[in-house]
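Engineer: pasting the structure only:
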């Protein structure tokens, strides 16, 4: 190892045959010499693991892309795992990435309350960054968070001004921070406006839950006049149920979606949305991890969400 | 190692203190005993690498999901890399996954013509499965392919019957199989119908290319009366340019998109599309790889594409 290190660092005290043998081996293994030298010197592998709850969610794919590009610029490769929203797989993947000797972890786990995930993390000393998750490790773990309250508050205030009195939130899993923050913000606004009521239906981040919850809400005794879809897979289910009833936006119900989807702005009518910048969240997560790998302290960065109004929001029917 | 193997396989010829020490070490490392026993027995790591060209494309996220679920059922974990459509990174990731000792590779590389990718693959003996890619390794490498010709042919025949004479394809990179197959199918149909012309603009699988190509086509001397968007990121660019011109579908131009996006069916008008089942493609790719890992021969499976008509296709303006 020390001969290899001397060759790669260009140390003068190396024989020519030794240099040739080392470089041939390095070439054979497909390593890049500078990277290998760094790895040997620091015991680092120059790779980062990203534990993703559900890669088929376009939001997470954009976060992964932002992180990948920023890590790559710093000489790191990223290995991504997908847990299919199963907390047991989050824990399995944390252990797997640890065995593969990643230098750092990005974590968008499926369930913050999982004992198994907490144990897997407790057993590792690898620096990690939470992505919009709260594992009760305040100050000990870096995190990039979204300020969901800002966007939801602006959206609900707008609905109240339009005259809505029953506002539904079809939300995803309550075991992750975004859902809890969105519910809390809705409840806070409603509490400040007597006569306005919140109807919350949390469940899975799926088209199926979006459809079933919308069906139940609209078929109920006191149907909401406005719906907030708490995620882009939930949105597909909400739209499916509205299409099945031949309901029009905003004539029959107003709709706001959380998290931008590229096609939403081309909708008829254009969909109002509570947006954020997932690519930038990925970049910031990468930067926080690189700071930690360079010996820096844990940091928390909170990023904005913005309500962008659209013609899918209107006054309720009298 | 052989003591470890004996402990894990429950061999009787192991002392109690040895068993305790091994199990403590296994626990400490976070390995699952059954998996570790299998790994030691077979020299396998029970992981598969998936080299993805662009994870922010929802099509690839669905393929990854289908592969992940099928591999998981067979006891394999999947490590995914994202090459941001850069062939150099495809090659880097193939080498990285090889160094991490994956048992098999799934390949959706960015550029089939890359010499560096070909060299990285030539240096490894890890079984691999191509996903809708052609590396000139017919019969030596398993592959799951889409029958793009079937869907494109049905779509273009429909446009010709509606009276279209200038049909544009805004395509992605010509260095991957789907683009070449789509172009070839369009040209074949046009050749069979004198007086019908194809206008092909290939480029990147991006919103930017979709917008620029549409702008150039519609601003040209002989604008097409129908456009086929060759991918779901290209579609966003095409729709953006149509919105900028305030053009309506299908009054001003007919539109067909390739590869389903969940929201397309809720469009006004609903978008006609050439669809395929990316989740199932991922499942089949996993099955082909598992066959290879079990000692089977390379196989090629071709899966259907289907033209689903929609109100975005109509007769051209007189």
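Structural biologist: Received it, and whenever you're ready, just let me know what you need. Remember, it's a predicted structure, so these values are computed and weren't measured experimentally.
Engineer: can you map out the strands along chain A?
Structural biologist: A:47-52, A:77-82, A:104-108, A:128-131, A:142-146, A:166-171, A:197-202, A:226-229, A:254-258, A:272-275, A:300-303, A:306-308 (DSSP state E).
Engineer: deepest of those strands, which one?
Structural biologist: strand A:226-229 (a mean of 29; mean count of other CB atoms under 10 Å in any protein chain shown). In this view, the C-beta of every residue, glycine as well, is placed from N, C-alpha and C.
Engineer: re the thing from before, wait, which of the strands of chain A is closest to residue A:315?
Structural biologist: strand A:254-258 (8.3 Å; CB to CB).
Engineer: pairing partners for the closest one, with directions?
Structural biologist: strand A:226-229 (parallel), strand A:272-275 (parallel) (DSSP bridges).
Engineer: format the ones you listed as CSV; extra columns: mean pLDDT.
Structural biologist: Shown next, in CSV, are the strands paired with strand A:254-258 (pLDDT from 0 to 100):
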stretch, mean pLDDT
strand A:226-229, 98
strand A:272-275, 96
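Engineer: how about the residues of the stretch 201-318 of chain A by chain B?
Structural biologist: A:207, A:233, A:235-236, A:239-240, A:243, A:261-268 (CB under 8 Å from any CB of the partner chain).
Engineer: at 10 Å instead, please
Structural biologist: A:207, A:232-233, A:235-240, A:242-243, A:261-271, A:278-279 (CB under 10 Å from any CB of the partner chain).
Engineer: mind checking which of these land in helices?
Structural biologist: A:207, A:232-233, A:235-240, A:242-243, A:278-279 (DSSP state H).
Engineer: name the residue closest to the centre of chain A, please.
Structural biologist: Taking CA atoms, centre = their mean, the centroid of chain A lies closest to residue A:60, which sits 5.0 Å from it.
Engineer: ok, back up a step: are any of the residues of the stretch 201-318 of chain A next to chain B buried, and which?
Structural biologist: Using 16 or more other CB atoms under 10 Å in any protein chain shown as the burial test, those include A:207, A:232-233, A:235-240, A:242, A:261-267, A:269-271, A:278-279 as buried.
Engineer: and the pLDDT at residue A:43?
Structural biologist: Note on residue A:43: pLDDT of 61.
Engineer: please tell me how far the closest residue in space to residue A:53 that isn't next to it in sequence sits from residue B:236.
Structural biologist: Excluding the flanking residues, the one nearest residue A:53 by CB to CB, 6 or more residues apart in numbering or on different chains is residue A:110, at 3.9 Å. Residue A:110 sits 28 Å away from residue B:236, taking CB to CB, to the nearest Å as the criterion.
Engineer: that older thread, disregarding residues adjacent in the polypeptide, which is nearest to the residue nearest to the centre of chain A?
Structural biologist: Nearest one to residue A:60, counting by CB to CB, 6+ apart, is residue A:52 at 5.3 Å.
Engineer: beta partners of that neighbour?
Structural biologist: residue A:82, residue A:108.
Engineer: can you pull the contacts of it?
Structural biologist: A:60-61, A:63-64, A:80-84, A:90, A:93, A:106-110, A:131, B:55, B:61, B:64, B:80 (CB atoms under 10 Å, 6 or more residues apart in numbering or on different chains).
Engineer: can you do 8 Å?
Structural biologist: By CB atoms under 8 Å, 6 or more residues apart in numbering or on different chains, the contact list for residue A:52 reads A:60, A:64, A:80-83, A:108.
Engineer: does residue A:101 really touch residue A:48, like I thought?
Structural biologist: No - the criterion here is CB atoms under 8 Å, and residue A:101 misses it with residue A:48 at 11.3 Å.
Engineer: surely residue A:317 and residue A:254 touch.
Structural biologist: No - at 10.2 Å, residue A:317 does not count as touching residue A:254 under the criterion of CB under 8 Å.
Engineer: overlap in contacts, these two.
Structural biologist: Contacts common to residue A:317 and residue A:254, judged by CB under 8 Å, 6+ apart, are residue A:225.
Engineer: who's in contact with the residue of the stretch 201-318 of chain A found nearest chain B?
Structural biologist: Of all residues in the stretch 201-318 of chain A, residue A:268 sits closest to chain B, at 3.7 Å by CB to the nearest CB. By CB under 8 Å, 6+ apart, the contact set of residue A:268 is B:267-268.
Engineer: quick check: closest non-adjacent residue to residue A:277.
Structural biologist: Per CB to CB, 6+ apart, closest to residue A:277 is residue A:303, 7.1 Å.
Engineer: gap between the one you found and residue A:74?
Structural biologist: Residue A:303 is 20 Å from residue A:74, by CB to CB.
Engineer: what of residue A:63?
Structural biologist: According to CB to CB, residue A:63 stands 17 Å off from residue A:74.
Engineer: can you check residue A:314 too?
Structural biologist: In terms of CB to CB, residue A:314 sits 47 Å off from residue A:74.
Engineer: next: residue A:263.
Structural biologist: Distance from residue A:263 to residue A:74, by CB to CB: 33 Å.
Engineer: next one: residue A:54
Structural biologist: In terms of CB to CB, residue A:54 sits 26 Å off from residue A:74.
Engineer: more neighbours: which of the two?
Structural biologist: Taking neighbours as other CB atoms under 10 Å in any protein chain shown, residue A:54 and residue A:74 compare with residue A:54 leading, 23 against 14.
Engineer: ok, which stretches of the stretch 51-200 of chain A are helices?
Structural biologist: Secondary structure of the stretch 51-200 of chain A, counting by DSSP state H, counting those that start in this stretch: helices at A:58-73, A:87-99, A:115-122, A:148-162, A:177-191.
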